[in-house]
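A.B. asks: All I have is the shape, not the residue letters:
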Ligand code: GUN
């Protein structure tokens with residue numbers, strides 16, 4: 001038996017259609033065009049390509065992009081001044097400062113300078129605290145993508161055993177909190193965890209976000225488990241470069257019940273989830289109840 005492939009591309013396309021409809025409703029009924037400011041500092045190649053995809057996606061659903069590409073020698077004070085200008089701009093409902101930032105800029109200070117209501121990355125300590133205390137909030141995009149993919153297989157997570165491998169502030173930490181809020185039984189594994197393979201074998205849902213190519217092997221997976229692979233690792237095989245996840249897909253697909261491929265799983269969902277957050281931020285700032293997406 002091979003696993004059901006969780007098709008991130010198709011689920012993302014459906015979600016994009018729903019976001020587009022809700023965006024048009026906001027514009028036609030309330031005269032509001034959601035604006036997303038994306039700020040890139042420096043010339044990191046991967047960041048540049050993400051930022052370009054984000055701006056394209058924003059336009060496609062009828063939102064307004066505000067793109068800032070500033071030089072690598074931008075100072076922290078200059079960047080904070082830009083964020084403050086965007087905080088005060090009524091045409092901007094969402095602000096995303098692309099990470100990583102150049103070494104002279106402290107990312108925590110930049111994130112803290114964003115108005116929490118416009119923090120579409122969900123990284124601000126206020127939003128992280130709201131997630132932690134079960135209050136409605138803007139949550140980070142990749143964890144939203146993961147939970148939506150998990151729910152395509154398990155509409156209810158009540159009591160399910162989930163192992164979250166990785167505890168980053170961008171994925172593992174917030175995703176484990178979201179899973180807990182969904183009443184799953186959540187274990188978090190990280191670099192210092194002992195008996196990782198045994199923990200993996202117990203999980204009904206295994207989420208892996210560690211940035212290590214094909215780290216999780218097929219025989220670590222409980223037969224029939226759902227596997228969510230957040231990794232995007234570039235590897236070279238025989239002189240050819242390609243992308244693999246944190247899970248050995250060829251092995252895992254023979255054991256799992258359902259699995260996200262890489263590419264084509266979590267990746268296509270994350271940008272759409274950024275649009276979801278921008279839409280939610282816009283509805284919130286307009287004093288409207290949250291949209292259905
Ligand atoms: N760099 C890598 N992932 C992310 C993300 O989700 N948001 C931002 N702002 N930067 C990133």
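C.D. replies: Perfect, thanks for sending it. Remember, predicted model here, so these are calculated numbers, not experimental data.

A.B. asks: Tell me where the stretch 151-293 of the chain has helices.
C.D. replies: 172-181, 196-202, 249-252, 266-285 (DSSP state H, counting those that start in this stretch).

A.B. asks: Next, work out how far apart the nearest residue to residue 252 once chain neighbours are set aside and the ligand are.
C.D. replies: Spatially, and ignoring its direct neighbours in sequence, residue 252 is nearest to residue 218 (5.1 Å; CB to CB, 6 or more residues apart in numbering). Glycine gets a C-beta too; all of them are placed from N, C-alpha and C. Note on residue 218: its distance to the ligand, by CB to the nearest ligand atom, to the nearest Å, is 28 Å.

A.B. asks: nearest to residue 5, of the helices of the stretch 151-293 of the chain?
C.D. replies: Closest approach to residue 5 among these is made by helix 249-252 (9.9 Å; CB to CB).

A.B. asks: which other helices and strands contact the closest one?
C.D. replies: When contacts are defined as 3 or more CB pairs under 8 Å, 6 or more residues apart in numbering; DSSP states H and E, helix 249-252 sits against strand 226-229.

A.B. asks: List the strands paired with the strand it packs on, with their directions.
C.D. replies: Using DSSP bridges, the strands paired with strand 226-229 are strand 205-208 (parallel), strand 258-259 (parallel).

A.B. asks: Residue 276 is nearest to which of those strands?
C.D. replies: With CB to CB, the closest approach to residue 276 among the strands paired with strand 226-229 belongs to strand 205-208: 19.3 Å.

A.B. asks: List the contacts of the closest residue in space to residue 221 that isn't next to it in sequence.
C.D. replies: Excluding the flanking residues, the one nearest residue 221 by CB to CB, 6+ apart is residue 255, at 4.6 Å. For residue 255, the contact set (CB atoms under 8 Å, 6 or more residues apart in numbering) comprises 3, 218-219, 221-223, 225.

A.B. asks: Show me which pair in those is furthest apart.
C.D. replies: Across those (CB to CB), the longest gap, 14.6 Å, separates 3 and 219.

A.B. asks: Looking at those two, which is more packed in?
C.D. replies: Each of residue 3 and residue 219 has its neighbours counted (other CB atoms under 10 Å); residue 3 has more, 21 against 13.

A.B. asks: Pick out the residue of the protein closest to the ligand.
C.D. replies: Residue nearest to the ligand within the chain: residue 99 (3.7 Å; CB to the nearest ligand atom).

A.B. asks: secondary structure class for that residue?
C.D. replies: Going by DSSP: H, G, I helix; E, B strand; the rest coil, the secondary structure assigned to residue 99 is coil.

A.B. asks: Which residue, neighbours along the chain excluded, lies closest to it?
C.D. replies: residue 107 (5.9 Å).

A.B. asks: What parts of the chain come near the ligand?
C.D. replies: When proximity is defined as CB under 6 Å from any ligand atom, the chain approaches the ligand at 96-99, 121, 141-142, 170.

A.B. asks: go with 8 Å
C.D. replies: 47, 50, 96-100, 121, 123, 140-142, 170, 270, 274 (CB under 8 Å from any ligand atom).

A.B. asks: Are any of those buried, and if so which?
C.D. replies: 47, 50, 96-98, 121, 123, 140-142, 170, 270, 274 (16 or more other CB atoms under 10 Å).

A.B. asks: Pick out the residue closest to the middle of this structure.
C.D. replies: When the chain is reduced to its mean C-alpha position, the nearest residue by CA atoms, centre = their mean turns out to be residue 142, at 1.3 Å.

A.B. asks: That residue is in contact with residue 273, isn't it?
C.D. replies: Yes: with contact defined as CB atoms under 8 Å, residue 142 reaches residue 273; the gap is 7.4 Å.

A.B. asks: related to what we said a few turns ago, for PyMOL, write a command that selects the buried ones of the contacts of residue 255.
C.D. replies: Applying 16+ other CB under 10 Å to these, the buried members can be selected in PyMOL as follows:
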select buried, resi 3+218+221+222+225
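
A.B. asks: got the contacts of residue 255 as CSV, with distance to residue 175 columns?
C.D. replies: Shown next, in CSV, are the contacts of residue 255 (distance: CB to CB, whole Å):
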residue, distance to residue 175
3, 20
218, 23
219, 24
221, 18
222, 19
223, 24
225, 16
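
A.B. asks: who's in contact with residue 265?
C.D. replies: Residues near residue 265 by CB under 8 Å, 6+ apart: 6, 8, 149, 228-229, 245, 259.

A.B. asks: do the same with residue 223
C.D. replies: For residue 223, the contact set (CB under 8 Å, 6+ apart) comprises 255-257.
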